[in-house]
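>>> Return atomic coordinates for the entry below.
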Amino acid sequence: MTSVEGTGDSVSEAKWNALRELERLAPSLNRDAVRFQVVDEGKRGLLGVGASPARVVATADETDAAEAAEPRDESELGAHLRELLEHVTAAIGLRCRIDIEESDEAITGTCSGGELGLLIGRHGQTIDSLQTLAGAILRQDEDARKQVIVDAAAYRDRRRRTLESIAIRGAEDALRSGERVALEPMSSAERRVVHERLKEYDGVETSSEGDEPDRYVVVSTT
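Got it, this is the predicted structure:
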């Protein structure tokens, strides 16, 4: 068995530091084999007095730690996205597989395995925020002009189908009533899905109104 201790201002940070130390000792570490034991949850103290760090022991079986890593053919941008997602998922205590796919237009980081509801969040708010953060970080590179997508447990595909259903219902309501129909507030990426879905829908047109984060799509008859 290989064990290391990590410390940090919080248990999540201590887990992350312990995991990074294990990976330093065993670069081909299988993260799914790592087990964490919280030794001390730490104390914040009063104005810094009496504070103590959180302590966590991370343990991996040597046979798993020595397991050959899967070969990765990733660009520097892909490796950067992987590192960011690994950091975030480890910090919130999630174990998952991370796959990176790249095309000329987009780079996608997909998390799979285990319970990923915490990563997705209520109505996708957490994963949408993570996607926005990842895009902002990766676009600091002047050469990075690709769309950045973060997905988990096929959430994006499920959400896309939901948005398309909402768009169709909005179009049908507008055609039936002859009045403008305002849809629920959406992120810019979600509004784009609605606009694209109704672009060829006969008799209606779409526009975005309102201010972020409550901007929404309005469906009108033509």
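
>>> just for this structure, where's the confidence low?
Within the chain, the stretches with pLDDT under 70 are 1, 26-32, 45-49, 61-72, 141-144.

>>> quick one, strands of it?
Ranges of strands in the chain, per DSSP state E, are 2-8, 35-40, 54-60, 97-102, 106-112, 147-152, 181-185, 204-209, 216-221.

>>> Touching the fourth one from outside, list them.
Strand 97-102 has contacts (CB atoms under 8 Å, 6 or more residues apart in numbering) with 32, 72, 74-75, 77-79, 81-82, 85-86, 89, 107-113, 146. (Glycine included, C-beta is placed from N, CA and C.)

>>> Narrow the residues you listed to those that are buried.
The neighbour count (16 or more other CB atoms under 10 Å) marks 77-78, 81-82, 85-86, 89, 107-111, 146 as buried among the contacts of strand 97-102.

>>> I'd like to know how far the residue minimising distance to the centre of the chain sits from E21.
Nearest to the mean C-alpha position of the chain, by CA atoms, centre = their mean, lies I127 at 4.0 Å. From I127 over to E21 the distance is 28 Å, taken as CB to CB, to the nearest Å.

>>> same thing with T110?
27 Å.

>>> Report the spatially nearest residue to Q131, omitting neighbours in sequence.
Among residues not flanking Q131 along the chain, V150 sits closest, at 4.1 Å (CB to CB, 6 or more residues apart in numbering).

>>> Quick check: the gap between that neighbour and S3.
Using CB to CB, we find V150 at a distance of 32 Å from S3.

>>> These two: which is more packed in?
Neighbours per residue (other CB atoms under 10 Å) separate V150 from S3, with V150 holding more: 26 against 12.

>>> Next, count neighbours for L130.
When neighbours are counted by other CB under 10 Å, L130 comes out with 21.

>>> who's in contact with it?
By CB under 8 Å, 6+ apart, the contact set of L130 is L85, V88, L119, V150.

>>> gap between it and E74?
Note on L130: its distance to E74, by CB to CB, is 19 Å.

>>> From D211, how far out is the residue nearest to the residue nearest to the centre of the chain when sequence neighbours are not counted?
What sits nearest to I127 in space, not counting adjacent residues and going by CB to CB, 6+ apart, is I120, at 4.9 Å. Per CB to CB, I120 is found 25 Å from D211.
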